[in-house]
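Engineer: Please work out how this folds:
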Amino acid sequence: MEDKKRAVHSRLQIEALRKRAEEILQSRPEVFKRISSTDIKDLVHELQTYEIELEMQNQELDSSRQMIEALKDKYLYLYNFAPCGYVTLDTKGVIEEANLTAAEMLRMDKMLLVGKPFSVFLSSDSQKDFFGHIESLLAKEKSGACEVMLKRSDKSVFFVQLVSRIFAEQEDVPVRITTMMIDITERKKLEADLKQHINEMEVMFKSTINREDRIIELKDEIKRLNKDSQK
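Structural biologist: Now for the predicted structure:
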């Protein structure tokens, strides 16, 4: 539909140019008289050539526009359905954009995330880590990562690794931070389980050593008693 509109617009432009040229010639008959039939044919040929070139340019523009639209649609699809959450933050940590995965992770409508400070989803213990992460990015790092605990809208919690990068840092362009949210809840759980297992093993090991020490003490006591009984 848009292509047809542009083609019609192109033809109207050419018709307008042709009409304007005719008006100029009619208003200046002395010029028209000096133009031979050969010149008129040449002008008509030149106008037709221009018309063809203009149509070809419009076709190229349409193809480029369609390609750009297709790439844009592909980018939006990949962005929204990426396996990791993505949010765009301003320098104060306010969410300006979020993909569908981030919205699902936080269990909140995507549109409701926009304009909210990211910190409202942070546990109290993670506030310092997050703002320190932002400060480091803005100060010198340009990119970096940190681990935080997030609270969902239903009050449940989960752990994520935030991988962030500064972008659009140009003159007259506001600084923005793009942040990838990687769910590391399972990894954190495994780390906690491993730590607990190591602690339990250490307790068992210490208990075993204590038992062995006690056995040695008892053996020494028995030897001493045997010696005393033989005196």
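Engineer: neighbouring contacts of stretch 163-178?
Structural biologist: Stretch 163-178 has contacts (CB atoms under 8 Å, 6 or more residues apart in numbering) with 86-91, 96, 133-134, 137-138, 142-145, 179-180, 182. Quick note: C-beta positions are derived from backbone N, CA and C, even for glycine.
Engineer: right, I mislabeled it, should have said stretch 145-154
Structural biologist: 105-108, 121-123, 125-126, 129-130, 132-133, 157-164, 184.
Engineer: Rounded mean pLDDT for it, please.
Structural biologist: The average pLDDT for stretch 145-154 rounds to 93.
Engineer: Kindly report the same for stretch 15-25.
Structural biologist: pLDDT averaged over stretch 15-25 gives 66.
Engineer: Stretch 160-175 too?
Structural biologist: Rounded mean pLDDT across stretch 160-175 is 81.
Engineer: same thing with stretch 200-215?
Structural biologist: On average, the pLDDT along stretch 200-215 is 68.
Engineer: Ok, stretch 108-123 next?
Structural biologist: Averaged across stretch 108-123, pLDDT comes to 94.
Engineer: buried set for it?
Structural biologist: For stretch 108-123, burial by neighbour count (16 or more other CB atoms under 10 Å) applies to 108, 110, 113, 116, 118, 121, 122.
Engineer: This structure: strands as residue ranges?
Structural biologist: Along the chain, counting by DSSP state E, strands occupy 85-89, 95-98, 143-151, 157-167, 176-183.
Engineer: quick one: strands adjacent to the last one?
Structural biologist: According to DSSP bridges, strand 176-183 forms sheet pairs with strand 85-89 (antiparallel), strand 157-167 (antiparallel).
Engineer: Pick the most buried one from those.
Structural biologist: Of those, the one with the most neighbours on average (mean count of other CB atoms under 10 Å) is strand 85-89, at a mean of 21.
Engineer: Now tell me what touches that one from outside.
Structural biologist: 79, 95-99, 101-106, 113, 118, 134, 160, 164, 176-181, 183.
Engineer: That one to strand 143-151, inter-axis angle?
Structural biologist: Angle, strand 85-89 to strand 143-151, by axes from the mean of the first three to the mean of the last three CA atoms, to 10 degrees: 110 degrees.
Engineer: Could you list the alpha-carbon positions for stretch 48-64 in CSV?
Structural biologist: The C-alpha coordinates for stretch 48-64 follow below in CSV (Å, rounded to 0.1, in the frame of the first residue of the first chain):
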residue,chain,number,x,y,z
GLN,A,48,11.2,10.4,-19.9
THR,A,49,14.8,9.4,-18.9
TYR,A,50,14.5,11.5,-15.8
GLU,A,51,11.1,9.8,-15.0
ILE,A,52,12.7,6.4,-15.3
GLU,A,53,15.7,7.3,-13.2
LEU,A,54,13.4,8.8,-10.5
GLU,A,55,11.3,5.6,-10.5
MET,A,56,14.4,3.5,-10.2
GLN,A,57,15.6,5.6,-7.3
ASN,A,58,12.2,5.2,-5.6
GLN,A,59,12.4,1.5,-6.0
GLU,A,60,15.9,1.4,-4.5
LEU,A,61,14.6,3.6,-1.6
ASP,A,62,11.7,1.3,-1.1
SER,A,63,13.9,-1.8,-1.1
SER,A,64,16.3,-0.2,1.5
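Engineer: buried stuff in that stretch?
Structural biologist: Across stretch 48-64, burial judged by 16+ other CB under 10 Å covers 51, 58.
Engineer: thinking again about what came up before, as a markdown table, the strands of the chain with distance to residue 56 would be great.
Structural biologist: A markdown table is the format used below for the strands of the chain (distance: least, CB to CB, whole Å):
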| stretch | distance to residue 56 |
| --- | --- |
| strand 85-89 | 40 |
| strand 95-98 | 38 |
| strand 143-151 | 45 |
| strand 157-167 | 37 |
| strand 176-183 | 39 |
